[in-house]
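Novice: Below are the sequence and a predicted model for it; my questions follow.
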Amino acid sequence: MLLFEQFAPDSSLARLRDEAIASFTKLITDSIAALDREPPDPILVRGVVAAVNEIAVQMAVAHPDGDWDLERAKHAMLRILSALVEDER
């Protein structure tokens, strides 16, 4: 139920999800800037954060008892995060 609630535009959970994505987007963008690199486009960062979240959602749905395939999830998340270092605007 909570998985669906997070996407309902009028739910407080959706507002919290959007705030969390915005916070992670800022954290990643600021961290890259602190390395004296030009930060990637914020919309790309937001998309990457949303994609990483989706992997966690898929693991939760596929493995509701918590027996996640952590290596598979980690590998997928790292592949997605690599888009940030490959971004050459």
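Specialist: That came in fine, so what should we check first?
Novice: tell me the secondary structure for the residue sitting furthest away from the middle of the chain?
Specialist: In the chain, Asp36 marks the outermost C-alpha relative to the chain mean, sitting 22.8 Å out by CA atoms, centre = their mean. Under DSSP: H, G, I helix; E, B strand; the rest coil, Asp36 falls in the coil class.
Novice: for the protein, what spans make up the helices?
Specialist: Along the chain, counting by DSSP state H, helices occupy 2-5, 12-34, 42-62, 70-86.
Novice: Contacts only, for the residue most central in space within the chain.
Specialist: Centroid-nearest residue in the chain: Val49, 2.1 Å away (criterion: CA atoms, centre = their mean). Val49 makes contacts with Ile21, Phe24, Thr25, Ile28, as judged by CB atoms under 8 Å, 6 or more residues apart in numbering. Any C-beta I mention is one placed from the backbone N, CA and C, and that applies to glycine too.
Novice: Nearest to Ser82, out of those: which one, please.
Specialist: Relative to Ser82, the closest of the contacts of Val49 is Ile28; by CB to CB it sits at 12.7 Å.
Novice: Tell me if I'm right that the closest one and Val85 touch.
Specialist: No: using CB atoms under 8 Å, Ile28 makes no contact with Val85, being 11.0 Å away.
Novice: Which one's more surrounded, the two?
Specialist: More crowded of Ile28 and Val85, by other CB atoms under 10 Å: Ile28, with 20 against 10.
Novice: Please name the residues that touch the more buried one.
Specialist: Val45, Val48, Val49, Leu84.
Novice: Kindly recompute the last result at 6 Å.
Specialist: Going by CB atoms under 6 Å, 6 or more residues apart in numbering, Ile28 touches Val45.
Novice: Please tell me how far it sits from Pro64.
Specialist: Distance, Ile28 to Pro64, by CB to CB, to the nearest Å: 29 Å.
Novice: May I see the contacts of Val49 arranged in CSV, with distance to Ala8 and pLDDT as well?
Specialist: Shown next, in CSV, are the contacts of Val49 (distance: CB to CB, whole Å; pLDDT from 0 to 100):
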residue, distance to Ala8, pLDDT
Ile21, 15, 87
Phe24, 21, 89
Thr25, 21, 89
Ile28, 26, 89
